[in-house]
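Asks: Generate a structure from the sequence data that follows.
(chains A and B)
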Amino acid sequence: MAMLRTAPVMSSKASFSWNLGWSKREAFTPYAFLLPSFVALGLVFFYPMMHVVVISFHSDTIGAARFVGLDQYVKVLRSSYFPPVMWTSFLWSAGNVLFIWVVGLGTALMLDRNFPGRPLARAMFILPWAIPYVAACLIWGWMFDYEFGVLNYLLQGAGIVDHKVNFLLACPDALVSLTGVSVWKLYPLATVMFLAGLQTVPPEFYEAAKIDGAGPIQSFWHITLPGLRNVSIMLVLLMTVWTFGRAFTIIFLLTEGGPAGCTENVVVRSYLEAFKFFHIGTASAIGVIVLLISLAFSSVYLAFAYRKGLQDA
Amino acid sequence: MPRLRKIKRLLWESLFYATLLLLLVSVVFPFYWMIKTSMETGAGLFSFPPRFLPNSYAMEGYRAVVQETPIGLWLRNSFIVAFGSTIMALVAGVSGAYGLSRFRYRGKGSLALVILTTQMMPPLVLIIPIYTIFTKLGLTDSLLGLILGNFAFALPVVIWMMKSIFDSIPFEIEEAARVDGASWLTILLRITLPLALPGLVATGIFTFLSGWDEFMLARTIVTATDKWVGTIGLASFIGVYVTSWDQILAAATIFTLPPLILFLMVQKYFIAGLGAGAVKA
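Replies: All right, here's what the predicted structure looks like:
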């Protein structure tokens, strides 16, 4: 990227009054631009983050929290709820990322082709993304309804199931249903990212492959997929971290972690600890654990991706 | 031989359109079902098998929601929160993004990394301390508190998106202007921002939509009903407020319309801006 270092030499002759200060001023400029952002970021972002760590070192007693060191962490890690909520969170992220990637890529490949009505189709595919989460929960909650819901009717009519499905009130089913809502809401983002990625693959590559006698599957495997490598790496990272640490509204509104806790993930658990049972210290400890896992995952993942050559892909 | 090829091609084409249609239906059907249900009246709602066309266009649900719930107030509050936090995040974030994009300085890489790290943050880690801090400051149950909270969520996103947009604009014009004696601030406001306008709009809309959609923080720090935002109002329909699905989904439709319209208006910029960010990242 072009740098400003070339500029000072010329103008320092013209403007005598700031001759002395010129290079210092220019060296200072970036910090002047960064200062407002970072002061704001520090106040509303990093200060609260420090605060949550401090809270996590204190007891749950309201109004008279004592410093207890790492006790909250030990308590959480040893608790009977921690393994199952971690497992649910893991399943949730794995299911979401897998389906978002597959459906997102499939849709992008279809929308990349030329067909009549493509602009309209592209606009429609983005719709779920524009709908607020709470509204999406209400729609799906109604469609999932055991007695009057349209989904049971459609599934039975298509012969996929022979009895009504208890979408939200039976155990593994609820987790599958909620994952479906989440994928429906998130995969348009993947489609947009993949569509942008597809534009960066030079068309000559495909022509060359065709001349060499490669079929559509071969050129997909050897040209399209490698061309989407950077987008895929970023997408999988973001989606994993988001679905792990941010999955709240859909679960909280549609099942509140039920039935029998089988959709309760770490985020919902921490939220309930904080604002239902008022165990602020415990909730903070869970939050910090989620943050540490996210950071550890991202650094290992990125290190791995870069080692294999993110740039030359 | 050519005949066989033609048949194969035809099969491929029909498979393509069939899959496309199926995907399209799965995307659009929930929308259709929301609007269809919102227009129905009692009997049509609870019929099984369900009817695929509304049994009335009476808009009874809409009338009931508008008259019997303070949905207008909720929407107004949502708008104030989303708009306020967006403006704040844009003002505070643009200069930082410009600094990150344009200048070389000690620690540049690590600063950018810090911003990326904020994307790894589970919102809960912010909401718990924000709750305790706001309780001390008396900012719970206020729209200002919600604006500040959403500002905190939005700021790193704005910095990150605007940085990638500035990165895609060539620096030479700005350097030339600098040589001619313009100050960096003038350059940012007069040259760079106008060039980055589509990206700025996309970033602003993105931030606005996130604020409009925010549920967890609002659910936590707001209890007074006159400070409810749309997400809290809608969520309250589950179980408490009313039980008729026509009213619930009428409210959901009303709440979905503003972001949807906004979204369709700037869809092109939006997708281009995000796409560019994705490819660069």
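Asks: what residues are up against the residue nearest to residue A:149 when sequence neighbours are not counted?
Replies: Leaving out its chain neighbours, the residue that sits closest to residue A:149 by C-beta to C-beta, 6 or more residues apart in numbering or on different chains is residue A:143, at 5.3 Å. Glycine gets a C-beta too; all of them are placed from N, C-alpha and C. Residue A:143 makes contact with A:149-151, B:30, B:33, according to C-beta atoms under 8 Å, 6 or more residues apart in numbering or on different chains.
Asks: Helices - which of these land there?
Replies: With DSSP state H as the criterion, helices contain A:150-151, B:30, B:33 from among these.
Asks: Take the residues you listed and lay them out in CSV including pLDDT, neighbour count and distance to residue A:295.
Replies: Shown next, in CSV, are the ones in helices among the contacts of residue A:143 (pLDDT from 0 to 100; neighbours: other C-beta atoms under 10 Å in any protein chain shown; distance: C-beta to C-beta, whole Å):
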residue, pLDDT, neighbour count, distance to residue A:295
A:150, 89, 21, 42
A:151, 91, 22, 38
B:30, 94, 22, 35
B:33, 93, 20, 40
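Asks: Name the nearest of those residues relative to residue A:236.
Replies: Among these, residue B:30 lies closest to residue A:236 (C-beta to C-beta), at 26.0 Å.
Asks: What about the residue of chain B found nearest chain A, how many residues nearby?
Replies: With C-beta to the nearest C-beta, the shortest gap between chain B and chain A falls at residue B:96, namely 2.5 Å. Other residues near residue B:96 come to 27 when the count uses other C-beta atoms under 10 Å in any protein chain shown.
Asks: Next up, the contacts around it.
Replies: Neighbouring residues of residue B:96 by C-beta under 8 Å, 6+ apart: A:33-34, A:36-38, A:41, B:159.
Asks: What of residue B:50?
Replies: A:148, A:150, A:153.
Asks: filter those by proximity to chain B?
Replies: Filtering the contacts of residue B:50 for proximity to chain B by C-beta under 8 Å from any C-beta of the partner chain leaves A:148, A:150, A:153.
Asks: possible to save the residues you listed as a markdown table with distance to residue B:65?
Replies: Putting those into a markdown table (distance: C-beta to C-beta, whole Å) gives the following:
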| residue | distance to residue B:65 |
| --- | --- |
| A:148 | 20 |
| A:150 | 22 |
| A:153 | 26 |
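Asks: per-residue confidence at the residue nearest to residue A:149?
Replies: Residue A:143 carries a pLDDT score of 92 in this model.
Asks: For the host helix or strand of residue B:207, name the packing helices and strands.
Replies: Assessed by DSSP states H and E, residue B:207 sits inside helix B:197-213. Of the remaining helices and strands, those touching helix B:197-213 by 3 or more C-beta pairs under 8 Å, 6 or more residues apart in numbering or on different chains; DSSP states H and E are helix B:71-102, helix B:143-167, helix B:245-265, helix B:267-280.
Asks: Highest mean neighbour count out of those helices?
Replies: helix B:143-167 (a mean of 24; mean count of other C-beta atoms under 10 Å in any protein chain shown).
Asks: That one relative to helix B:197-213, how many degrees between them?
Replies: In terms of direction (axes from the mean of the first three to the mean of the last three C-alpha atoms, to 10 degrees), helix B:143-167 departs from helix B:197-213 by 150 degrees.
Asks: average pLDDT across helix B:143-167?
Replies: Averaging pLDDT along helix B:143-167 gives 90.
Asks: Put the alpha carbons of the helix or strand following it into CSV.
Replies: Next helix or strand after helix B:143-167 toward the C-terminus (DSSP H and E): helix B:172-179. These are the backbone C-alpha positions of helix B:172-179, laid out as CSV (Å, rounded to 0.1, in the frame of the first residue of the first chain):
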residue,chain,number,x,y,z
GLU,B,172,-2.9,8.3,-4.5
ILE,B,173,-5.6,11.0,-4.7
GLU,B,174,-5.3,11.6,-0.9
GLU,B,175,-1.5,11.8,-1.1
ALA,B,176,-1.7,14.3,-3.8
ALA,B,177,-4.2,16.4,-1.8
ARG,B,178,-1.9,16.2,1.2
VAL,B,179,1.0,17.5,-0.9
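Asks: Output the contacting helices and strands for helix B:172-179.
Replies: Going by 3+ C-beta pairs under 8 Å, 6+ apart, helix B:172-179 lies up against helix A:8-14, helix B:184-187.
Asks: mean pLDDT for these: which is lowest?
Replies: helix A:8-14 (a mean of 41).
Asks: any idea how chain B splits into domains?
Replies: Using automatic domain parsing, the domains assigned to chain B come out as B:25-58, B:71-280.
Asks: Distance from the chain centre to the last one, please.
Replies: Right, the one you point to is domain B:71-280. Chain-centre distance of domain B:71-280: 8 Å, with C-alpha atoms, centre = their mean, to the nearest Å.
Asks: Same question for stretch A:47-56.
Replies: Distance of stretch A:47-56 from the chain centroid (C-alpha atoms, centre = their mean) equals 23 Å.
Asks: can you pull the buried residues of that stretch?
Replies: By neighbour count on 16 or more other C-beta atoms under 10 Å in any protein chain shown, the buried set for stretch A:47-56 is A:48-49, A:51-52, A:55-56.
Asks: Excluding chain neighbours, what is closest to the closest residue to chain B within chain A?
Replies: Residue of chain A nearest chain B, by C-beta to the nearest C-beta: residue A:37 (2.5 Å). Closest residue in space to residue A:37, ignoring its immediate chain neighbours: residue B:96 at 2.5 Å, by C-beta to C-beta, 6+ apart.
Asks: If you average pLDDT per helix and strand, which one of chain B comes out bottom?
Replies: Every helix and strand in chain B was compared by mean pLDDT, DSSP states H and E; the lowest is helix B:267-280, with a mean of 58.
Asks: who touches residue B:90 in this structure?
Replies: Here residue B:90 is in contact with B:158, B:200, B:203-204, B:207 (C-beta under 8 Å, 6+ apart).
Asks: For it, report the pLDDT, please.
Replies: pLDDT for residue B:90: 94.
Asks: count of neighbours near residue B:178?
Replies: The burial count for residue B:178: 23, using other C-beta under 10 Å.
Asks: In this structure it contacts residue B:185, no?
Replies: No - distance between residue B:178 and residue B:185: 11.3 Å, which falls outside the contact criterion (C-beta atoms under 8 Å).
Asks: which residue ends up closest to the midpoint of chain A in space?
Replies: residue A:242 (2.8 Å; C-alpha atoms, centre = their mean).
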